[in-house]
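Trainee: Pasting the sequence and the predicted model now:
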Amino acid sequence: MPYFDVASTAPLHPVARQALLAALDEGWADPARLYREGRRARMLLDAARQTAAEAVGCRPDELSFTSSGTRAVHTAVAGALAGRRRTGRHLTVSAVEHSSVLHAAEAHEADGGTVTEVGVDRTGRAAPEAFRAALRADTALACLQSANHEVGTVQPVAEVAAVCREAGVPLLVDAAQSLGWEPVEGDWSLLAASAHKWGGPPGVGLLAVRKGVRFAAPAPADERERGRAPGFENLPAIVAAAASLRAVREEAAAERERLAALVDRIRARVPELVPDVDVVGDPVRRLPHLVTFSCLYVDGEALLGELDRTGFAVSSGSSCTSSTLTPSHVLRAMGVLSEGNVRVSLPLGVAEADVDRFLDVLPGVVRRVRGHLADAVGGPGGGGADLVLDTLGKRCPIPVIELARAIGDVPVGGTVTVLSDDEAARLDIPAWCGMREQEYGGERAVPGGTAYVVRRRT
């Protein structure tokens, strides 16, 4: 079964497996002890730290191993804010950060701090000048991911780092999606990453804090990992994580162009094969292996289920596959369609034939899912110059499907007002108007939900 979801987690790399098994035999002892087994464990830990630091682009004594990438992010945010408390309690983040960063920002705000979100354009890119405008005299920390986890857009980290350096503000970079490909450029101050994203074992995160950055460990003092990651190190997993990072980097250099060409093929062919599709993310400044597209009139969960039945494991940022029934914060910030969202992230060594087969089966899968939903919705209502569609209680993508059915029942210049209590409609109805060249007339609150007005232009 082709696995096209390495942006979520990559399969364990063969080098990681070999290193893990070897370290289980050689690295079981406490690396803080002075007897022979402890010294052997310490040598393995030091070698792993050296290897990982070279991949990150920092000094070994600036790098700590944590229990996960999320823990690394939370520790970085809390430690930098605590270390710079005298400067102020203002935090700046991009609107498309990973949820681990946004959750840390929410906790900071709940504790009395302030947070500014920097918006992005329709490709998901945050502009350096937007960061400059968001920084204040009391800004203690800024956060910007190296590349987006949902759409693959690469962020201008070096430029934003220069802006932050000029303002005297440390920059935390979440490099989880990009570190397996290359080091993060620029004069960043803190960095976090997660081993399972590049084929290392789960349960290992990296936290780099450069010399000179004011940092106060948020947890009780501990003698291990410079006090930044309390508890006994999972040495076998750490050794496997470092070994696989070095191996993946070597393979990525050879695979980059091939995977980028395969993704270009997907980006070009999907809109040709499937009508009413929006391919999102920056087409040029992007990760080489990741592409995301959204299909109108498709339930995301049903689409992913059908693809799974045809043998393809893919992911989604769609609200339709979320237990919260809210749109992806990334897609919302970009202002693009959220329904029927599919994220394809190709593994190293993927067969070209598997990508071609994905393109072969996708049109039929989308057609079947659309057909099932069309049957469930039924036909349009009555005509007239203006229509009101009551879709209260109906979830994505039903409101948009009913809008698409009804727009032809009003004359050019007439309006369709969609009543909906689905949060995704706030994103999807304007996006639908942009795709179908109709005029979005805005929204207003109504009892039980929101009214979205669409005026027919064509």
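Mentor: Alright, I've got the coordinates.

Trainee: now the helices for the stretch 101-250 of the chain?
Mentor: Per DSSP state H, counting those that start in this stretch, the stretch 101-250 of the chain carries helices over the ranges 128-134, 157-167, 235-273.

Trainee: And the nearest residue to Arg265 once chain neighbours are set aside, how far from Val291?
Mentor: Spatial nearest neighbour of Arg265, excluding adjacent residues (C-beta to C-beta, 6 or more residues apart in numbering): Val355 at 6.7 Å. For every residue, glycine as well, the C-beta is placed using N, CA and C. Distance, Val355 to Val291, using C-beta to C-beta, to the nearest Å: 10 Å.

Trainee: When those two are compared, which one has more neighbours?
Mentor: Using other C-beta atoms under 10 Å as the criterion, Val355 and Val291 rank with Val291 on top: 26 against 21.

Trainee: Give me the contacts around the regular element (helix or strand) spanning the more buried one.
Mentor: Using DSSP states H and E, Val291 sits within strand 290-295. Here strand 290-295 makes contact (C-beta atoms under 8 Å, 6 or more residues apart in numbering) with 7, 150-152, 177, 263, 266-267, 270-271, 274, 276-281, 303, 317-318, 331, 336-346, 366.

Trainee: Show me what that strand pairs with in its sheet, parallel or antiparallel.
Mentor: Sheet partners assigned to strand 290-295 using DSSP bridges are listed as strand 277-280 (antiparallel), strand 341-345 (antiparallel).

Trainee: how far is the last one from where the chain is centred?
Mentor: What that stands for is strand 341-345. For strand 341-345, the gap between its own C-alpha mean and the chain's C-alpha mean amounts to 11 Å (C-alpha atoms, centre = their mean, to the nearest Å).

Trainee: mean confidence score for that strand?
Mentor: Taken as a whole, strand 341-345 has a mean pLDDT of 95.

Trainee: I'd like to check the angle between it and helix 235-273, please.
Mentor: Counting by axes from the mean of the first three to the mean of the last three C-alpha atoms, to 10 degrees, strand 341-345 lies at 120 degrees to helix 235-273.

Trainee: ok so, going back, so for Arg17, which of the helices of the stretch 101-250 of the chain sits nearest?
Mentor: Of all those, it is helix 235-273 that lies closest to Arg17, at 7.4 Å by C-beta to C-beta.

Trainee: Quick one: list the elements packing against that closest one.
Mentor: helix 14-26, helix 36-56, strand 277-280, strand 290-295, helix 352-377 (3 or more C-beta pairs under 8 Å, 6 or more residues apart in numbering; DSSP states H and E).

Trainee: which regions of the stretch 151-300 of the chain lie under the pLDDT threshold?
Mentor: Within the stretch 151-300 of the chain, not a single segment meets pLDDT under 70.

Trainee: Would you mind giving the strands paired with strand 290-295 as JSON lines with mean neighbour count added?
Mentor: Compiled in JSON lines, the strands paired with strand 290-295 are given as follows (neighbours: other C-beta atoms under 10 Å):
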{"stretch": "strand 277-280", "mean neighbour count": "21"}
{"stretch": "strand 341-345", "mean neighbour count": "27"}
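
Trainee: who wins for proximity to Arg17 among those strands?
Mentor: strand 341-345 (21.2 Å).

Trainee: what's the domain layout of the chain?
Mentor: Following automatic domain parsing, the chain resolves into domains at 14-248, 263-376, 386-455.

Trainee: Identify whichever of these lies nearest to Arg256.
Mentor: Nearest of the domains of the chain (C-beta to C-beta): domain 263-376, 4.9 Å.

Trainee: got the contact list for the spatially most central residue of the chain?
Mentor: Nearest to the mean C-alpha position of the chain, by C-alpha atoms, centre = their mean, lies His149 at 2.4 Å. For His149, the contacting residues are Ala7, His98, Ala176, Gln177, Val330, by C-beta under 8 Å, 6+ apart.

Trainee: And the pLDDT at it?
Mentor: 95.

Trainee: With Val377 instead?
Mentor: 61.

Trainee: give the contact list for Val336.
Mentor: Arg122, Asp278, Val280, Ser294, Leu427, Ala431.

Trainee: tell me the phi and psi of the closest residue in space to the third one that isn't next to it in sequence?
Mentor: It refers to Val280. Excluding its sequence neighbours, the residue lying closest to Val280 (C-beta to C-beta, 6+ apart) is Val336, at 4.8 Å. With angles defined as degrees, to the nearest 10, Val336 sits at phi -110, psi 170.

Trainee: relative to helix 352-377, how tilted is the strand holding Val291?
Mentor: Using the same axes, to 10 degrees: strand 290-295 against helix 352-377 is 20 degrees.

Trainee: after strand 290-295 comes which helix or strand?
Mentor: helix 300-309.

Trainee: Buried residues, that following helix. List them.
Mentor: Gly300, Glu301, Ala302, Leu303, Leu304, Glu306, Leu307 (16 or more other C-beta atoms under 10 Å).

Trainee: in stretch 418-432, what counts as buried?
Mentor: For stretch 418-432, by 16+ other C-beta under 10 Å, it's 418-420, 422-432.

Trainee: Please apply the same query to stretch 32-46.
Mentor: Buried residues in stretch 32-46 (16+ other C-beta under 10 Å): Ala41, Arg42, Leu44, Leu45.

Trainee: all helices of the stretch 301-450 of the chain, in order?
Mentor: Per DSSP H, counting those that start in this stretch, the stretch 301-450 of the chain carries helices over the ranges 329-334, 352-377, 398-406, 425-436.

Trainee: now the longest one, how far from the chain's geometric center?
Mentor: Taking the mean C-alpha point of helix 352-377 and that of its whole chain, the gap between them comes to 24 Å (C-alpha atoms, centre = their mean).

Trainee: helices or strands next to that helix in the packing?
Mentor: Using 3+ C-beta pairs under 8 Å, 6+ apart: helix 352-377 touches helix 235-273, helix 300-309, helix 398-406.

Trainee: orientation of the longest one relative to helix 14-26 in degrees?
Mentor: Just to be clear, that refers to helix 235-273. Going by the same axes, to 10 degrees, helix 235-273 makes 170 degrees with helix 14-26.
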